[in-house]
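Chemist: Everything below, folded, please.
(3 chains)
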Amino acid sequence: MMSVDDDAPDAQSVIADVIRAIPRGCVASYGEIAARAGLPGRARLVGKVLRDARAGARLPWHRVLRADGRIAFEPRTAPFREQQRRLAAEGVVVVKGRVDLARHGWQRDLDAELWAPPPF
DNA sequence: CAGGTGACCTCTG
DNA sequence: GCAGAGGCCACCT
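Modeler: Residues are numbered from 1 along each chain as shown, chains lettered A, B, ... in the order given. Now for the predicted structure:
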């Protein structure tokens, strides 16, 4: 007997899947992730998923940034430096706690595929 | 039940 | 660049 819930996986697991889909070397914002999970406006829920994420969750949490490309943690804190370190390890440039989204943004990557920009 | 909080976002000035 | 307001909603007091 099917129920409608079979087609309504809980939001948090969908969000987790989206985060796992962020390519290495790319970053995505909370709002972007929520939107891609079919949950526009639910950026805060993405934050909760990451907060609840456990070590064994295997989520690339370091690839999630704020909408302006800044790391969500307070500068100079341990988590902040850890995220910055992990990003650098993937070749993502972090300057003053900020990433150039035009260079490493996931959405930008999609645009690159669809638009097939000419070499400059 | 009401109020505050939070790994957030967008708009306005 | 910064500040305020409104939106979002799960979770805790």
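
Chemist: doesn't A:Lys96 make contact with A:Gly69?
Modeler: No: with contacts counted by Cβ atoms under 8 Å, A:Gly69 stays clear of A:Lys96, the gap being 10.6 Å. No exception for glycine: its C-beta is placed from N, CA and C like everyone else's.

Chemist: Compare neighbour counts for the two and give me the winner.
Modeler: Regarding A:Gly69 and A:Lys96, a neighbour count based on other Cβ atoms under 10 Å identifies A:Gly69 as having more, with 19 against 7.

Chemist: by contact count, what packs against the longest helix belonging to chain A?
Modeler: In terms of residue count, the longest helix belonging to chain A (DSSP state H) is helix A:78-89. Contact here means 3 or more Cβ pairs under 8 Å, 6 or more residues apart in numbering; DSSP states H and E; on that basis helix A:78-89 packs against strand A:94-95.

Chemist: Tell me the strands beside the strand it packs on, with direction?
Modeler: strand A:98-99 (antiparallel) (DSSP bridges).

Chemist: Is the partner strand positioned near DNA strand B?
Modeler: No: judged by Cβ under 7 Å from any atom of the strand, strand A:98-99 and DNA strand B are separated, with a smallest distance of 12.4 Å.

Chemist: Is DNA strand C within reach of that strand?
Modeler: No: using Cβ under 7 Å from any atom of the strand, strand A:98-99 never reaches DNA strand C; the gap is at least 8.0 Å.

Chemist: Which residues belonging to the helix or strand following that strand are considered buried?
Modeler: Downstream of strand A:98-99, the next assigned helix or strand under DSSP states H and E is helix A:101-104. Within helix A:101-104, the residues that count as buried by 16 or more other Cβ atoms under 10 Å are A:Leu101, A:His104.

Chemist: who touches helix A:101-104?
Modeler: A:Gly25, A:Cys26, A:Val27, A:Ser29, A:Leu65, A:Gly69, A:Val92, A:Val93, A:Gln107, A:Arg108 (Cβ atoms under 8 Å, 6 or more residues apart in numbering).

Chemist: Selecting buried members of those residues in ChimeraX, what would you type?
Modeler: Of the contacts of helix A:101-104, the buried ones go into a single ChimeraX selection, burial set by 16+ other Cβ under 10 Å:
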select /A:26,27,29,65,69,92
